[in-house]
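*Asks:* when you get a sec, could you give me coordinates for this:
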Amino acid sequence: MKLINGHLNTVYSFFNSTISIDDLFKTLEKNQISYFSVTEINNFFSYGPILAKTFNTNFKPIFGLELDAKIADKKYRYILYPKSKEGLKSLFLLSNLAINNSDITLADLLLIKDIAIVEHPLLGFYALTKQKNFFSNYFYSFQFFDLEANEDFITENLNKTLIINCNQILDIADNAIIEVLHSLNDEKNNTYLYNLNFEFETKNKLEEKLINQTNEFLKSSYFEINEVKYVIPEFKNSENMSSFDYLKFLIMKNIPKKFKKAEWTNEYIERLNFEFDIIQKLKFENYFLIIQDWVNWAKNNNIAIGPGRGSAAGSLICYLLNITEIDPLKYDLIFERFLNPSRVSMPDIDIDVQDDRRQEILDYIQQKYGKEYVANIVTFSTLGKKSAIRDVLRIHNVNSSTINNISKAISMSELSLQEEYEHNKIFRNAIDVLDNLEPYLAMKVVSETTKLEGLYRQTGTHAAGIIIGPEKLNTLIPTYDLSGYQQSQISMEYLEKFGLIKMDILGLKTLTTIKQIVNEINERGNKFELKDIDYNDKKTFDLMSSGNTAGVFQLEGFGMINAIKKVKISNFDDIVAIISLFRPGPMENLDVYAKRKFGKEEMPKIHPKYDEILKPTYGVIVYQEQIMQIVQAIANMSFAEADNIRRIISKKKHDELPKIKKEFLANALSNNVSSTDALKIYNNIEKFADYGFNKSHAVAYATLAYQLAYLKTHYPLEFYNSVISSAHGSHTTISKYVAEARSNNIDILSPDINISDINSVIYNNKIYLPLIMIKGLGPETAKEIIENRKKYGPYKNFEHFYLASSYINQFGNSTLSLLIKASALRQFGYNQATLLNEIENNSDLKILANFFKNNPNKISEKEILNYEPDKILETDFLAQTDNEVELLGSPYNFSITSKYEKDGMRLNDLRNNVEYLIYVYCNKVTRRMTKFNKPYYSIDFQDSSKKIIVQAYNELKDKNWTDMSKSIVKIKLIKKEDRYLLLDWWKI
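*Replies:* Below you'll find the predicted structure:
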């Protein structure tokens, strides 16, 4: 007989099942199953993916919920089923409690209407206590193979008994994997489980009745859930207008703010009316109103918003609502690339916001629409091969040393663990050691790990997306509470199936950096706003073309700098093109673009209309919008039709390509374009459609890039201060900015105890680096030091600081030693060795510190001013340099090479392609292997100006390379664009 499964966990019941959604449906289709149950533990995370596969099909999913409930302080497992759609909503609410580990009692469950309560066959009250409960809508359950052993109980409670098999696997062989998962999950149930089965051979009438009874029970818990067309919440306005009229009202009010009267031409009026018509037709006015509301609120509250992102920058309405800052007609941006009337899909306006104030925007949205109407979006992380094998090895009681060796041998590649075993000899050798512990253990571990790899392990929160519902969201979809917000139990790819629209609010550090620079400029007495920027500033273009773009959004990195130097940015359009071309695929066209720009290669001519469209990019198809313009001009098609053609070609929809090619060529011929020209043009479109970049997005991001480059050109001190602060103490990033800033004659000093803060600061036109860059000094300790300085500083000498520091919690000699070795106390006039000796051996200082710790505010001015160290020790320049390198990443105040630099060059002074003899200190020499298994040396050199890393490939065979480590050496060196060539070296 056929039995509907009453229980099933999928991979969304973390560490309790190996059943993926795809594999589940393959099994259902193979067995021609219509009704089936899914009963995740504590959650509805599979609700979205399952319904997405069952909409408009014959599948009838029954959603239940498996959870623990207390009876007299002991927990027992129950499976709950809805008996109406309201009952399903009640289960949504219960899952929220269960996910948040709230105590749920059986008494709580019994109060809920429209649900049925079924005891779990293995972990339920009767299964564990052999005691009965008598309630309405309360049922017992047994697995099929336990019926005979419980026949007397079942006969006595026949109408209250169901057959529920525990289904957590599809293949019986996976029982071993379930044991591993249960061990990871601290699940006590290691009892034999059924693989998912729907056919059972009955032995008697009792079993037949139970199967029929179970099937009828479960069918009564099925409720059809239909796919929902998008429902956008209505935006309530203060003018009591319809949403569309209010949209028009806002736009008409903003036109004079955006355009002078002479600028507002018929072209703009026609474009605006066209966009109005499409938005009204598609009924998207509320969506635009919701977005503009929070964007304008943010701007009014001094929160930086990006100029645009994605195709929304192609909308004039977005520009007039202040959602974007890009005039689309100025840059030939096309509305249909954003919103295509012939292909109805939800609008997608992604907004970049100042990353350190994103939460304020979320708080505003929640306050405006109500906590129950707004939610973040769940994400799921999977078990990686390294994590999975470590878990499996622990279960097999392998010692931690062996676990670490095996884990380290696994590569960072995307190879599966089985592929690692087949192709990674180091890993295979490491894991085969397990066979010494137990025969065939290595293959067993690989097999078990392979089945765990990729299983869901936990939830996360989508970095940008939120949803706003037209009703309380927990009545539309399952949600749960997290950190004061609702979070959907459905991931983003399924939300549209439930009529919900994702809005992306992305925190962008670049906006925070720009905001900090502008604030600093104004705080230092210069009036400046971003709207004051001249987007045709030669000095800014010169800075970009020089490759001096460290810290400039989108234009950093060696490859990008090389591209910039080839193109030699001379206008804003060059920035847009470089951002669009510097990607795998179209990158080969950068050389073509540069050569044609400087007349080194002739632009091919095909057809006047085609040539005119590509003239700004020197005959190279760079943008998706250009493809749409070409199709519209050559084949006389609308932009909507052109966008559809572009999509079909770029997505390589082979079944549709012949049809659209034929249509394009026929339309071109009708438009007086020769078949030869039309075919050439179509072939070019087909070649570049996959590489074409969204020009709307490129223009918006080029705007941000230009803004930063402009600020770097005209306000370098504020620029470097901000980008150093945004490095959050990273030695590598900070040293890069410091080297560049110093080459531009900007003074940058290492952390100073009387001046430095959490972030870098400008003081007397110099930049002081942040305290948090001192290795080993945590941010909390740094904050305490700064707060203590506000109370007792500025410190007049070392004694003053030492005594005042006694008020800082857990501030001992180890922290003080870090500050001394990082030269943060250098203004007190004593070398590191002297101060280190003081904190170790000056007993009078320690006695005073203990006194003042118990007697705040009694530090004598006279005693402080008369302070002298017990002993003045000789300066050890090598030790001081090494300490700064270790704690700050580079030497800032000392260099043992200084005496050699008086008449010579320093690393920071070198020009490209010139041979130099220069004195440097060698920190470290590391022998490494190339991917071709050839040895080379990575050598860490520094002098008083900067630190560099040189790679040497053993051409100087008579040299002992490691002999130069921790020594001053004279080197013969050539600086190239991307590297240094070491020609020879001599130890001093």
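*Asks:* any low-confidence regions in this structure?
*Replies:* For the chain, the stretches with pLDDT under 70 are 186-194, 344, 856-865, 902-903, 931-933, 954-958.
*Asks:* report the distance from the helix or strand that contains residue 630 to the chain centre.
*Replies:* When elements are assigned from DSSP states H and E, residue 630 belongs to helix 624-635. Remark: helix 624-635 is offset 34 Å from the chain centroid, using CA atoms, centre = their mean, to the nearest Å.
*Asks:* then stretch 915-926?
*Replies:* Counting by CA atoms, centre = their mean, stretch 915-926 comes out at 39 Å from the chain centroid.
*Asks:* got the contact list for the nearest residue in space to residue 809 that is not next to it in sequence?
*Replies:* Closest residue in space to residue 809, ignoring its immediate chain neighbours: residue 784 at 6.8 Å, by CB to CB, 6 or more residues apart in numbering. (Glycine included, C-beta is placed from N, CA and C.) Applying CB atoms under 8 Å, 6 or more residues apart in numbering to residue 784 gives the contacts 808, 809, 811.
*Asks:* export the helix holding residue 630 as CSV, just CAs?
*Replies:* Taking C-alpha atoms only, helix 624-635 is exported to CSV below (Å, rounded to 0.1, in the frame of the first residue of the first chain):
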residue,chain,number,x,y,z
GLN,A,624,25.4,47.0,-23.4
GLU,A,625,23.7,50.3,-24.2
GLN,A,626,25.7,50.5,-27.4
ILE,A,627,24.4,47.1,-28.5
MET,A,628,20.9,48.4,-27.9
GLN,A,629,21.6,51.6,-29.9
ILE,A,630,23.1,49.6,-32.8
VAL,A,631,20.0,47.2,-33.0
GLN,A,632,17.7,50.2,-32.8
ALA,A,633,19.5,52.2,-35.5
ILE,A,634,20.4,49.3,-37.9
ALA,A,635,17.3,47.1,-37.5
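*Asks:* got a list of contacts for that helix?
*Replies:* 314, 332-334, 336-337, 607, 609-610, 613-614, 617, 621, 637-639, 641-643, 645-646, 650, 663-664, 667-668, 671, 673, 678, 681, 685, 688-689, 692-696.
*Asks:* before we move on, which element is residue 358 in?
*Replies:* With DSSP H and E as criterion, residue 358 is part of helix 358-369.
*Asks:* so how far is the following helix or strand past that helix off the chain centroid?
*Replies:* With elements assigned by DSSP H and E, the helix or strand that comes after helix 358-369 is strand 374-382. When C-alpha coordinates are averaged (CA atoms, centre = their mean), strand 374-382 and its chain have centres 13 Å apart.
*Asks:* what helices and strands are in contact with the longest strand seen in the chain?
*Replies:* The strand spanning the most residues in the chain, taking DSSP state E as the definition, is strand 915-929. Applying 3 or more CB pairs under 8 Å, 6 or more residues apart in numbering; DSSP states H and E, one finds that strand 915-929 contacts strand 935-942, strand 967-975.
*Asks:* now whatever helix or strand comes next after the longest one and strand 967-975, what's the angle there?
*Replies:* Pointing back at strand 967-975 there. Reading on from strand 967-975 to the C-terminus, the next helix or strand found by DSSP H and E is strand 980-987. Using axes from the mean of the first three to the mean of the last three CA atoms, to 10 degrees, one finds that strand 980-987 and strand 967-975 are set 150 degrees apart in direction.
*Asks:* which strands and helices sit next to strand 980-987?
*Replies:* strand 947-952, strand 967-975.
*Asks:* recalculate using a threshold of 10 Å.
*Replies:* strand 915-929, strand 935-942, strand 947-952, strand 967-975 (3 or more CB pairs under 10 Å, 6 or more residues apart in numbering; DSSP states H and E).
*Asks:* list the buried residues in it.
*Replies:* 980, 982, 985 (16 or more other CB atoms under 10 Å).
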